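**Student:** Okay, predicted coordinates and the sequence, questions at the end:
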Amino acid sequence: MLIKRIENKLRAFSLGVALSMCSPALLSAAEVMGKPVAVNIEAGTLKASLDKLAAQTAQSIIYKAADLNSINAEALKGNYSPLEALKKLVADNKLKITKTGEKTFVVSSLKESSSITPNASAIPEKESLPEENFVVTATRTDESLRSLASSVTVLTAEDLEEAAKVNSDLGSILGKRVPGLGTSTQSLSNSGQSLRGRNFSVLINGVPQSSPLRNVLRDLRTIDVAAIERIEIVRGATAIYGNGATGGIINIITKQNKDEDGLNGTSSIGTTFSTEDFNDGWSYRTSHQINGSTGGFDYLFNVSYQQKGGLFDANGDRIPSNPQFQGGLDESEDTNFLGRVSYDFTDTQRLTLGVNHYNYEQDSPYLATAGSIADKRFAQAVKSDVPGDNPETTNTSFDLSYEDDDFFGSQLYSQFFFQDYEAVFPWDTNPTYGMLFPTVGGAQTTTESRKVGGRFQMTTPVEFNEDLTIDFTYGVDFVQDTTEHDLNDRAFSPEMTQDAWGLFLQAETTLWDKLTVRGGVRHEDITVDADSFRPLAYDLFMIPDGFDVDGGELDYSETLFNLGLTYEINQTYEAFVSFSQGFSVTDIGGALRGITPLDGVTTVEQFDPEAQKVDNYEIGARAHWDSVEASLSFFYSESDLGGSFTGAP
């Protein structure tokens with residue numbers, strides 16, 4: 001058979017050092033306490049009281065819901081500074097208050113407080129370094145960054161807004177700011193932009209964005225930066241969210257509802273231009289947001305629009321668009337709409353409906369002419385009638401989530417989602433396409449993917465004795481993905497439907513107030529149904545109709561493990577070691593479309609590509625000083641199989 005899987009061992013060994021600089025702020029007690037404001041909070045659960053206090057005082061109060069289980073707070077009414085009110089609400093409950101930013105407080109149990117934030121000290125002595133203290137992606141629950149046994153990068157909305165002033169392309173922003181992530185190719189595709197040398201999985205609020213059956217690699221071009229609250233990047237193979245994350249996970253968390261009274265809004269507009277060609281190189285972007293609450297409802301709506309001009313080099317020459325025949329980032333328009341509405345049934349029960357619609361379209365009247373190394377000639381952009389439809393990406397997703405922080409002593413989270421995705425590629429004058437479609441002299445590919453799925457998980461603390469409590473997180477994930485991949489008016493690869501089920505169990509505990517132990521297991525079961533189809537090469541070889549490749553079913557099943565230890569040496573240093581596994585089904589559609597009559601493949605089941613399993617080992621340390629944070633990690637990643645196919649002699 002001409003097509004053969006690559007069975008070489010992949011090995012990676014890398015050293016990463018990350019440094020970040022920030023200036024500490026030493027405040028007086030009066031400055032830390034804040035000015036008194038009117039507070040009116042009814043008696044209820046401590047979680048609900050903290051949420052109301054945050055809204056009434058315009059503060060951010062961060063906490064782990066598990067720390068507040070079954071704790072109630074008395075009514076509070078009067079004029080108090082935010083800190084005074086916070087102290088009264090959490091009094092005598094074995095909780096600690098830490099100020100981590102100008103308007104940010106962390107409420108944590110005394111047992112865990114030392115791992116909440118670097119150099120944290122009790123209020124009002126000192127304000128410690130501001131940072132995003134908790135992440136969800138690495139463990140599927142809110143956890144302190146300092147307790148994680150993995151390498152994690154967090155980019156906030158402020159980071160993204162600052163970077164977008166120069167370049168709003170998300171792939172470019174991440175490529176410059178995330179250690180181990182490849183730089184952007186400046187095209188619509190993130191092809192070649194790997195994480196630790198392997199593929200990564202992109203999620204938006206936990207919803208997978210990739211189209212694994214025909215991976216077109218536009219995962220980072222499905223949402224505008226104006227709609228993003230934060231991005232959590234977990235580096236290293238993991239199966240915590242299922243298939244595809246052999247290099248890590250990039251979880252995009254959208255702007256969340258602000259629990260504020262009345263109606264609030266923000267607007268922004270910005271522009272950039274080329275000094276070499278102001279008219280054609282002019283670009284602008286604008287975004288608008290409203291949010292607020294009324295009764296038990298709170299809401300957020302965000303809309304953004306961007307128009308980009310052409311790109312020019314230092315000599316004033318136009319840079320050709322469409323790198324790698326994927327579509328470019330210039331001479332384009334993109335629009336994004338985000339809406340989220342939530343309703344609180346009780347202090348612990350919350351329902352949220354979210355929608356995000358993104359559209360990107362490039363409309364360039366220029367084609368690229370080939371350059372020449374021998375003649376030392378760059379590729380040139382030549383004005384021409386560009387055939388076919390404009391390159392375009394459209395992504396629409398809905399998610400409905402329900403959470404209960406006190407479901408018979410456990411935390412419950414469930415989510416249902418739907419995604420409709422379409423990618424249109426530029427017109428391609430490949431000679432093969434010219435032979436197949438002589439009347440038009442080329443072809444254009446389109447990929448459509450529709451997903452429906454859900455996640456259900458619970459976290460239950462089990463107390464074995466007063467010194468040992470283990471938090472168990474367990475649940476099930478399901479995703480059904482139907483993908484079509486067409487070339488002009490014919491199927492390029494078969495229509496396929498993938499059903500993926502995942503069962504998982506994670507456990508976590510803290511020993512001696514210093515050592516955090518986490519481990520878990522996930523079983524992944526995937527079935528792919530492919531229709532019968534006619535490969536492109538069959539028409540080139542003039543094979544008679546009827547000798548097509550019959551459809552069939554492909555099955556994959558794998559059990560994957562993870563284990564991590566984090567030891568807090570003191571308030572400045574912690575060390576960690578971990579083992580994790582990732583699992584990925586190959587780009588089946590991309591492989592099937594390359595079948596030729598010489599391969600002897602008559603059914604999809606005969607093709608039967610194997611899945612890739614990756615083992616990742618990592619050891620590292622982190623340090624936190626007043627104005628510097630540093631991390632050092634060594635990792636080793638291996639797999640028996642690669643992720644692509646090659647022709648055999």
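**Tutor:** Received the coordinates, thanks. Predicted, not measured: the structure shown is a model, and the values here were computed from it. Numbering: from 1, shown residues only.
**Student:** contacts, neighbours, all on C-alpha from now
**Tutor:** Noted.
**Student:** which ones are touching V341?
**Tutor:** The contact partners of V341, taken as Cα atoms under 8 Å, 6 or more residues apart in numbering, are 257, 297-300, 352-354.
**Student:** Please tabulate the residues you listed in CSV and include secondary structure, pLDDT and neighbour count as additional columns.
**Tutor:** Formatted as CSV, the contacts of V341 follow (DSSP: H, G, I helix; E, B strand; the rest coil; pLDDT from 0 to 100; neighbours: other Cα atoms under 10 Å):
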residue, secondary structure, pLDDT, neighbour count
N257, coil, 78, 20
F297, strand, 90, 17
D298, strand, 91, 22
Y299, strand, 93, 23
L300, strand, 95, 23
T352, strand, 95, 19
L353, strand, 96, 18
G354, strand, 95, 21
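**Student:** mind checking which helix or strand the closest residue to Q411 other than its chain neighbours is in?
**Tutor:** Residue nearest to Q411 in three dimensions, not counting chain neighbours: D405, with 4.4 Å by Cα to Cα, 6 or more residues apart in numbering. Applying DSSP states H and E as the criterion places D405 in strand 392-407.
**Student:** So which elements touch that strand?
**Tutor:** Packing partners of strand 392-407 (3 or more Cα pairs under 8 Å, 6 or more residues apart in numbering; DSSP states H and E): strand 349-362, strand 410-424.
**Student:** where does this protein dip in pLDDT?
**Tutor:** Applying pLDDT under 70 to the chain flags the ranges 1-35, 66, 69, 92, 100-102, 110-135, 258-261, 323-324, 643-649.
**Student:** Make JSON lines from the contacts of V341 and add distance to L515 to it.
**Tutor:** Compiled in JSON lines, the contacts of V341 are given as follows (distance: Cα to Cα, whole Å):
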{"residue": "N257", "distance to L515": "35"}
{"residue": "F297", "distance to L515": "41"}
{"residue": "D298", "distance to L515": "39"}
{"residue": "Y299", "distance to L515": "40"}
{"residue": "L300", "distance to L515": "40"}
{"residue": "T352", "distance to L515": "36"}
{"residue": "L353", "distance to L515": "38"}
{"residue": "G354", "distance to L515": "38"}
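**Student:** Out of those, give me the two with the largest separation.
**Tutor:** Maximum pairwise distance in those, criterion Cα to Cα, is 13.5 Å, between F297 and G354.
**Student:** What residues of stretch 617-632 count as buried?
**Tutor:** 617-625, 629, 631-632 (16 or more other Cα atoms under 10 Å).
**Student:** End to end on it, go ahead and measure it.
**Tutor:** Using Cα to Cα, to the nearest Å, the end-to-end distance of stretch 617-632 comes out at 14 Å.
**Student:** With stretch 206-219 instead?
**Tutor:** 13 Å.
**Student:** same thing with stretch 36-52?
**Tutor:** 16 Å.
**Student:** do the same with stretch 305-318
**Tutor:** 24 Å.
**Student:** And stretch 87-98, by the same measure?
**Tutor:** 11 Å.
**Student:** starting at the chain centroid, how far to that stretch?
**Tutor:** 34 Å (Cα atoms, centre = their mean, to the nearest Å).
**Student:** do the same with stretch 292-302
**Tutor:** Offset of stretch 292-302 from its chain centre (Cα atoms, centre = their mean): 25 Å.
**Student:** Next: stretch 307-316.
**Tutor:** With Cα atoms, centre = their mean, you get 30 Å for stretch 307-316.
**Student:** Could you export it as CSV, CA atoms only?
**Tutor:** Extracted as CSV, the C-alpha positions of stretch 307-316 are listed here (Å, rounded to 0.1, in the frame of the first residue of the first chain):
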residue,chain,number,x,y,z
GLN,A,307,-11.1,46.3,8.8
LYS,A,308,-7.5,45.7,7.7
GLY,A,309,-5.7,47.3,4.8
GLY,A,310,-2.7,46.0,2.8
LEU,A,311,0.7,45.2,4.2
PHE,A,312,3.9,46.9,2.9
ASP,A,313,7.6,46.3,3.4
ALA,A,314,10.2,49.0,4.2
ASN,A,315,10.7,49.7,0.5
GLY,A,316,7.0,50.4,0.0
